[in-house]
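structure of the sequence below:
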Amino acid sequence: MARTDENATLGYEQARDELIEVVRRLEAGGTSLEDSLALWERGEELAKVCRRWLDGARARLDASLADEAPEQDGRNGGEAEAPLA
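Residues are numbered from 1 along each chain as shown. All right, here's what the predicted structure looks like:
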C-alpha cells in the first residue's frame, strides 16, 4: 500500500523521470522474469500517475478557456465585425 500513497504525492516530472528509467531498464534487458514483471507493474503505475496529471492539466486549461470565451465575445459589443471590402 506504500506505493499507492507514494504515487499520490509524486509530481508529474518525478513520475515521468522514473517511468523513463523503468523503460530504460526493461529495454536494456538482463533482468529476471520476476524483476521484469515488477518493473512493468511499476511502469503501469507511473503511467497512470502521469495520465492523471495530464488529465488534470487539460481540465484546468479547458476551464480557463471556457471562462475566457464570454469575455472575448463581449469585446465587440456582441455584434459581428463588418467584412473587409
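
now the residue nearest in space to the middle of the chain: closest residue in space, sequence neighbours ignored.
With distances taken as C-alpha atoms, centre = their mean, the residue of the chain nearest its centroid is Leu54 (2.0 Å). Nearest non-adjacent residue to Leu54, counting by C-beta to C-beta, 6 or more residues apart in numbering: Tyr12, 7.4 Å away. Quick note: C-beta positions are derived from backbone N, CA and C, even for glycine.

ok, the one you found - contacts?
Residues in contact with Tyr12, defined by C-beta atoms under 8 Å, 6 or more residues apart in numbering, are Val49, Cys50, Trp53, Leu54.

neighbour-wise, which one of those leads?
Neighbour counts for these, by other C-beta atoms under 10 Å, peak at Val49, which reaches 21 neighbours.

the helix or strand containing that residue packs against which elements?
Taking DSSP states H and E as the criterion, Val49 maps to helix 33-74. Judged by 3 or more C-beta pairs under 8 Å, 6 or more residues apart in numbering; DSSP states H and E, the packing partners of helix 33-74 are helix 2-9, helix 12-28.

what's the average pLDDT for it?
Helix 33-74 shows a mean pLDDT of 91 in the predicted model.

tally up the residues packed near the closest residue in space to Gly43 that isn't next to it in sequence, please.
What sits nearest to Gly43 in space, not counting adjacent residues and going by C-beta to C-beta, 6+ apart, is Val22, at 4.3 Å. Val22 has 20 neighbours, counted by other C-beta under 10 Å.

much appreciated, bye for now.
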